[in-house]
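Novice: Kindly generate the corresponding structure for this input.
(one chain, ligands or ions: 2)
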Amino acid sequence: MLTEDSPLTKLVKKSDAEQLGRTKGLRTVGDLFEFVPRRYLQPGQTTDLSQLRPGEDVMVVAEVLKASSRAMRNRRGKMLTVVLGDERGNELDLTFFSAYGHEGKLRPGARGFFAGTVGAYGRRLQLTHPDYELFESDREVDAAVEHYQTHLIPVYSATGKIYSFRIRTMVQVALDSVERIREPVPDEVRGRRGLLGRTAAYELVHRPRVDEEPGRGLTRLKYDEAFVLQTILAQRRSATEAELATPRLPRPGGLLAAFDARLPFELTAGQREVGAVLTDELARDRPMNRLLQGEVGSGKTVVALRAMLAAIDAGGQAALLAPTEVLAAQHHRSITTMLGDLAEGGMLGGADIGTKVVLLTGSQSAPTRKRSLLDAASGEAGIVVGTHALIQKHVQFADLALVVVDEQHRFGVEQRDALREKGVRPPHVLVMTATPIPRTVAMTVFGDMETSTLSELPRGRSPITTHVVDADRPGWVERTWQRVAEEVASGHQAYVVCPRIGDSDAGQNDGPGAPLSSDSSDEEAGDWDVAEEEGPPRELTGVYTMLNQLRANPALAGVRIEVLHGRLDADTKEATMRAFGAGEIDVLVATTVIEVGVDVPNATVMVVVDADRFGISQLHQLRGRIGRGSAPGLCLLMTAGAGDRAAERLAEVAATTDGFELARADLLFRREGDVLGARQSGRSNSVRHLRLGRREDEQIIADAREDAFAIVAADPDLRGHPALAAAVAMRLDEEQAAYLERG
Ligand code: ADP
Ligand code: MG
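Specialist: Ligands and ions are numbered 1, 2, ... in the order given. Predicted coordinates for the structure are as follows:
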């Protein structure tokens with residue numbers, strides 16, 4: 001008996017099942033149903049070879065007329081050429097660069113389906129390595145032809161030797177013989193939303209007759225995906241709400257009040273509003289779980305600091321978790337500065353209500369680190385700022401009240417959970433992100449959190465203009481460096497961002513024993529699977545290559561140029577950032593280490609080298625480093641020989657500074673499965689059918705969310721919904737497996 005849960009070995013031989021599992025993640029019959037075709041070919045014309053046009057994707061019914069193989073000159077193995085003919089005497093060639101496995105089957109007289117993209121070789125048309133399926137009898141041919149006169153032809157993404165046809169056959173067999181398909185969506189919901197049954201949806205997706213059917217089927221699959229995800233989120237939310245937190249009540253006349261009294265600026269209305277929400281939630285006996293989003297420079301850090309001070313006022317401690325050492329050090333510095341003598345608790349001359357702010361990172365010297373650890377454990381430190389190092393087991397707090405996670409997208413849920421466990425009771429959690437989060441993503445990836453948005457920028461921010469520079473035109477490149485020189489001459493500073501570190505000529509930074517910092521791995525511009533998108537990869541410009549070029553450029557004579565990247569040791573990074581902040585460096589050639597949070601208001605120009613290697617959101621983040629002061633910002637995106645899609649991406653970035661618009665565009669441009677996966681390890685993140693950048697799908701998610709939250713509210717353990725409970729369990733298992741695989 002075949003069910004959705006049957007392993008694929010019930011359908012195909014073990015080695016094929018293994019390959020489908022390894023390359024496509026297909027393990028069960030249910031997985032196979034969820035593996036929707038990449039596209040569909042139109043029926044008709046399957047028997048007339050004279051109708052073919054180069055570039056078309058086709059499937060034809062034909063007979064093998066001739067087949068010949070010969071050794072190749074430059075490679076091992078044999079090449080196979082096959083000539084096909086139709087009933088009217090038209091011909092089509094097939095070419096296989098490896099005859100192995102095909103030679104025995106494609107003999108003259110063999111008949112079957114052949115599918116592929118039509119190419120031209122000389123004056124003849126051909127299919128290269130087509131997918132094919134041969135028939136035994138006239139009856140089989142007739143049945144298949146008839147089927148395809150009335151049905152669209154699904155095309156599945158092939159893997160290794162398992163071509164689309166084989167997958168199609170597998171799916172059809174499975175559809176015909178599967179016992180019963182589970183229905184996770186309750187009847188009531190299905191009726192109300194007018195949703196197809198799940199079995200019908202699979203039929204439409206895998207065996208459609210007319211154009212609009214696959215779309216209808218897919219809508220149902222999208223709803224299911226959203227519904228299961230939202231059920232998980234609803235359960236997570238209800239579990240958090242069942243936990244007890246220590247209420248942290250405001251203290252009049254405490255640190256927060258003292259801090260507010262000396263703030264050099266007025267809080268924006270948004271900052272005040274969010275501040276009130278946080279104060280309120282900290283005072284409750286349920287753990288806060290809130291996401292604070294706001295454009296770069298919208299003043300999130302001040303908001304978070306105020307919440308931390310409130311936590312300290314109530315007798316607790318706060319931890320601030322930053323994604324990189326550069327950022328942790330910078331937070332530590334700026335918080336210490338903002339607090340002034342309030343950060344000198346226990347020190348002679350400090351304010352009497354003051355507290356202590358300590359830094360904890362992986363590459364600190366042992367004694368410094370030990371002191372920070374002691375201060376955290378004793379409660380001496382009110383605020384502990386750190387990187388991943390904060391999460392480690394031996395780090396203890398006296399009474400952790402609030403965890404602030406900066407730039408959320410670099411942290412997984414497991415890491416946050418580890419931090420939560422450091423409290424006596426679960427601490428309140430505030431997550432900050434500068435990546436604007438479109439509503440679809442807010443509802444899915446962050447669906448178990450409450451969200452707040454800071455939408456207005458503090459006064460005194462300047463506009464940023466962005467241009468794309470064609471690096472193939474020497475004049476434009478020259479002009480770019482001149483602009484940088486002009487900004488420097490007028491007292492400003494510049495960033496030059498490169499996609500990779502490259503080798504330092506002197507080798508001094510890569511010498512043996514140089515500590516690898518924890519953040520060096522995520523700074524290479526790895527956002528795009530570029531090879532797949534636009535052909536052979538070009539050599540990417542490294543930081544050191546750029547440094548040497550710029551130092552040798554007469555236009556930049558006398559300009560002070562230095563580098564910053566994750567392979568530098570922590571002290572060097574820190575010193576470089578400090579020097580740049582102090583204006584002792586004019587141009588900083590860097591990797592994406594500067595992507596988040598780095599704040600030097602005097603920097604006005606940014607040149608991004610090989611800009612096509614960066615994603616939309618990443619460019620937007622990078623660009624946020626400039627225009628932070630009173631002078632307008634200029635961002636120059638340099639690119640050479642970028643493909644169409646890359647050019648389009650850059651044009652989007654140049655066209656708007658609206659982060660939400662760009663975030664949505666980004667979602668559309670990315671390969672969907674990766675949208676959240678790369679950044680959100682361990683979250684309910686990868687989506688199979690939903691397209692988060694699409695407005696239509698936003699409504700599907702919103703509906704599913706409403707339905708799922710209502711069901712969980714009435715029945716948190718899903719006792720009355722076994723099929724839904726099973727789907728949830730399966731999804732969680734998958735996530736767990738994916739998480740473990742990623743390490
Ligand atoms: P974000 O973390 O959202 O990128 P920050 O909190 O780092 O933004 O704020 C950026 C800069 O703006 C900091 O120098 C900060 O002191 C300043 N700032 C924050 N809030 C205000 C405000 N209300 N008015 C003026 N300046 C502000
Ligand atoms: Mg910040």
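Novice: going forward, measure contacts and count neighbours with C-alpha atoms only.
Specialist: OK.
Novice: Residue numbers of the stretch 151-300 of the chain in contact with ligand 1?
Specialist: For the stretch 151-300 of the chain, the contact set with ligand 1 under Cα under 6 Å from any ligand atom comprises Phe265, Glu266, Leu267, Thr268, Gly294, Val296, Gly297, Ser298, Gly299, Lys300.
Novice: Look up phi and psi at Glu87.
Specialist: Reported as degrees, to the nearest 10, the phi and psi values for Glu87 are phi -60, psi -30.
Novice: Check the separation of the first and last residues in stretch 615-630.
Specialist: Start to finish, the residues bounding stretch 615-630 are 28 Å apart (Cα to Cα, to the nearest Å).
Novice: Show me which residues of the chain sit near ligand 1.
Specialist: 265-268, 294, 296-302, 458-459, 597.
Novice: Out of these, which end up buried?
Specialist: Buried members of these, scored by 16 or more other Cα atoms under 10 Å, are Leu267, Thr268, Gly294, Val296, Gly297, Ser298, Gly299, Lys300, Thr301, Val302, Pro458, Gly597.
Novice: Which of those residues fall in helices?
Specialist: If you go by DSSP state H, those have Lys300, Thr301, Val302 in helices.
Novice: Kindly reformat the residues you listed as CSV containing pLDDT.
Specialist: Below are these laid out as CSV (pLDDT from 0 to 100):
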residue, pLDDT
Lys300, 91
Thr301, 91
Val302, 94
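Novice: Which member of the residues you listed is positioned nearest Asp31?
Specialist: Of all these, Asp31 sits closest to Lys300, with 42.5 Å by Cα to Cα.
Novice: Run through the strands of the stretch 101-250 of the chain in chain order.
Specialist: 111-121, 124-128, 131-135, 153-155 (DSSP state E, counting those that start in this stretch).
Novice: What is the longest one packed up against?
Specialist: Pointing back at strand 111-121 there. strand 57-71, strand 124-128, strand 131-135 (3 or more Cα pairs under 8 Å, 6 or more residues apart in numbering; DSSP states H and E).
Novice: Paired strands for that strand, with orientation please.
Specialist: Strand 111-121 pairs in its sheet with strand 57-71 (antiparallel), strand 124-128 (antiparallel), strand 131-135 (antiparallel), by DSSP bridges.
Novice: Show the average pLDDT along the last one.
Specialist: Per-residue pLDDT values across strand 131-135 average out to 86.
Novice: Show me how the record splits this protein into domains.
Specialist: 43-151, 255-454, 464-656 (automatic domain parsing).
Novice: quick one: the strands in the stretch 301-450 of the chain?
Specialist: 317-321, 356-360, 381-386, 400-406, 428-433, 450-454.
Novice: Would you give the sheet partners of the first one, along with the direction of each?
Specialist: Within its sheet, and counting by DSSP bridges, strand 317-321 is paired with strand 381-386 (parallel), strand 400-406 (parallel).
Novice: Compare the mean pLDDT across the ones you listed and name the weakest.
Specialist: Looking at those, the bottom one is strand 400-406 with a mean of 92.
Novice: Would you mind getting the angle between it and strand 428-433?
Specialist: Counting by axes from the mean of the first three to the mean of the last three Cα atoms, to 10 degrees, strand 400-406 lies at 10 degrees to strand 428-433.
Novice: Now for the nearest residue to Ala71 once chain neighbours are set aside: which residues touch it?
Specialist: Sequence neighbours aside, Lys78 is the residue nearest to Ala71 in space, at 4.4 Å (criterion: Cα to Cα, 6 or more residues apart in numbering). By Cα atoms under 8 Å, 6 or more residues apart in numbering, the contact list for Lys78 reads Ser69, Arg70, Ala71, Met72, Phe97, Ser98, Ala99, Tyr100.
Novice: Next one: the fourth one, what pLDDT does it get?
Specialist: As summarised for this prediction, Met72 has a pLDDT of 77.
Novice: measure the closest residue to it other than its chain neighbours to Phe96 for me?
Specialist: Leaving out its chain neighbours, the residue that sits closest to Met72 by Cα to Cα, 6+ apart is Lys78, at 5.8 Å. The gap separating Lys78 from Phe96 is 9 Å, by Cα to Cα.
Novice: picking up where we left off before, among the helices and strands packed on strand 111-121, which is nearest Thr440?
Specialist: Distance to Thr440, taken as Cα to Cα, is lowest for strand 57-71 among the helices and strands packed on strand 111-121, at 33.5 Å.
Novice: ok, Tyr37 to Gly119 distance?
Specialist: Small correction: residue 37 is Pro, not Tyr. With distances taken as Cα to Cα, Pro37 is found 23 Å from Gly119.
Novice: Of the residues of the stretch 151-300 of the chain next to ligand 1, which one scores lowest on pLDDT?
Specialist: The lowest pLDDT within those belongs to Val296, with 71.
Novice: list the contacts for the residue nearest to that one when sequence neighbours are not counted?
Specialist: Among residues not flanking Val296 along the chain, Ala434 sits closest, at 5.2 Å (Cα to Cα, 6+ apart). The contact partners of Ala434, by Cα under 8 Å, 6+ apart, come to Gln293, Gly294, Glu295, Val296, Glu407, Gln621.
Novice: Show me which of those is closest to Arg473.
Specialist: Closest to Arg473 out of the contacts of Ala434 is Gln621 (26.7 Å), distances taken as Cα to Cα.
Novice: and Leu49, which of the strands of the stretch 301-450 of the chain is closest to it?
Specialist: Of the strands of the stretch 301-450 of the chain, nearest to Leu49 by Cα to Cα is strand 428-433, at 56.4 Å.
Novice: average pLDDT across that closest one?
Specialist: Averaging pLDDT along strand 428-433 gives 90.
Novice: Just the residues contacting it, thanks.
Specialist: By Cα under 8 Å, 6+ apart, strand 428-433 touches 245, 282, 287-294, 300, 304, 401-409.
Novice: could you redo the last one with a cut-off of 6 Å?
Specialist: Defining contact as Cα atoms under 6 Å, 6 or more residues apart in numbering, one finds that strand 428-433 is touched by 287-293, 402-408.
Novice: Max pairwise distance over these: which two?
Specialist: Greatest spacing in these, by Cα to Cα: Pro287 and Glu407 (20.2 Å).
Novice: who has more neighbours, the two?
Specialist: Neighbour count, other Cα atoms under 10 Å: between Pro287 and Glu407, Pro287 has more, with 25 against 21.
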